[in-house]
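Trainee: Predicted model, plus sequence, below.
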Amino acid sequence: MRTTPFPFTALYITILSGAHVVTSNDNGLAITPPLGWRSWNQYGRNVSQKLMESIMDGMVERTRLDHAGLATSLCDLGYCDVGLDDFWQACDSPSAAPGMHYHDIEGNPIVNLTIFPSLKSMTDHAHSLNLTAGFYGNNCICRDHCRNKTECDMQTRADIKAFLGWGFDSWKLDGCGGENDLALFDKYLREMAPDKTIMVENCHWGAKKYDPNPNLPPQEGCPYNFYRTSGDIQLSYGSVLYNLASVEQYRAMNASYPGCWAYPDMLQVGIRRKDDGIIGLSEAETRTHFGGWCIVSSPLMLGYDVNDEEVNDFIWDIVSNKEAIAVNQAYVGDSGGVYENSTS
């Protein structure tokens, strides 16, 4: 047994060195749980290219010290994948195909150019900072439900072609539209980008039909790199604990492992409430939240305004704790579990 390096509320970690290691997605990515940033929890629909590029700048600024007193950025700590979430699309575009909201008659996605004038320039900006850029698909806002195999195939291929042309590196696939054949998606990604590997998040809210199956070949059993175990996390401590508990069933089956991690959703660390702007979780709740995600080997996706100095003052010691991150990144046959009533 290994205890975490700073205090949490009745949580601990177990590492089983003799546990069976199952086969992961074989694209070579997410060998340890990915770290990064996603836009949804703090910004929701209030996103733009300007905002995303300012966040990217903030991710690499060395304006804070790590625990050893060295000037450190969030990317230095590992949070280097900066992802756009929903609402990049031009909802109800006049160019949309009949019955669609943001795909044209050839299946191409239609971007809201008013707020995202050039997605390629945005990913170029990320790459100039040595960051990777994440995208979002199968959107929930003004969702498009392709109606048959031919239409879904056309849209999937067109979405992938656009994604690659824009220069993105990772992809969050939500569960709202009609592009839900994740094995087919992985197949097309490999065919259309043979020289580039794409990190994929399966965001299907813990739906059993999309769970990993270690008994199948990797491209069928886990055609993604991490997968949601629950519904969307909310800005409350109760929701944090609920989502954290959702990981246990997958850990117990040894279904969270390198290349295929169970994920209880994005972090609510440092997120301000929409109504009054107050940081939503207390310091103790924030430590427990971050520590719990570290213990269960969850991907660590921040979402707070990294340029908000008041928030950084509040959470920096937590998100920059290298010993906690090391626990998150360690794997010796078991992803780690949390227990509410521990006597050890």
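Mentor: Right, received. Where do you want to start?
Trainee: can you pull out the helices in the stretch 51-200 of the chain?
Mentor: 119-128, 149-166, 182-192 (DSSP state H, counting those that start in this stretch).
Trainee: in terms of contact count, name the helices or strands touching the second one.
Mentor: So that's helix 149-166. Here helix 149-166 touches helix 119-128, strand 132-137, helix 182-192, going by 3 or more C-beta pairs under 8 Å, 6 or more residues apart in numbering; DSSP states H and E. C-beta here means a position set from N, CA and C on the backbone, and glycine is covered the same way.
Trainee: And the first one, by the same measure?
Mentor: The contact analysis (3+ C-beta pairs under 8 Å, 6+ apart) places helix 119-128 against helix 49-60, strand 132-137, helix 149-166.
Trainee: Serialize these to CSV and add fields for mean neighbour count and mean pLDDT.
Mentor: Listed next are those as CSV, based on neighbours: other C-beta atoms under 10 Å; pLDDT from 0 to 100:
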stretch, mean neighbour count, mean pLDDT
helix 49-60, 19, 98
strand 132-137, 24, 98
helix 149-166, 18, 97
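Trainee: now those as JSON lines including distance to L77?
Mentor: What follows is those, written out as JSON lines (distance: least, C-beta to C-beta, whole Å):
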{"stretch": "helix 49-60", "distance to L77": "10"}
{"stretch": "strand 132-137", "distance to L77": "15"}
{"stretch": "helix 149-166", "distance to L77": "27"}
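Trainee: Mind checking the ones you listed for the one nearest to P94?
Mentor: Closest to P94 of the helices and strands packed on helix 119-128 is helix 149-166 (C-beta to C-beta; 18.3 Å).
Trainee: now the angle from the closest one to helix 182-192?
Mentor: Following axes from the mean of the first three to the mean of the last three C-alpha atoms, to 10 degrees, one obtains 50 degrees for the angle between helix 149-166 and helix 182-192.
Trainee: Now find how far off-centre helix 149-166 is within its chain.
Mentor: 21 Å (C-alpha atoms, centre = their mean, to the nearest Å).
Trainee: among the helices and strands of the protein, which one scores worst on average pLDDT?
Mentor: For the chain, using mean pLDDT, DSSP states H and E, the weakest element among its helices and strands is helix 218-221, scoring a mean of 84.
Trainee: following that helix, which helix or strand shows up next?
Mentor: Once the chain leaves helix 218-221, the next helix or strand it forms, by DSSP states H and E, is strand 226-228.
Trainee: strands paired with that following strand, and their directions?
Mentor: Next to strand 226-228 in the sheet, as set by DSSP bridges, lie strand 199-203 (parallel), strand 261-263 (parallel).
Trainee: what does whatever helix or strand comes next after that strand rub up against?
Mentor: The helix or strand immediately downstream of strand 226-228 is helix 237-245, counting by DSSP H and E. Residues outside helix 237-245 that contact it (C-beta atoms under 8 Å, 6 or more residues apart in numbering): 229-231, 233, 264-265, 268, 281-282, 285, 288-289, 292-293, 296, 338.
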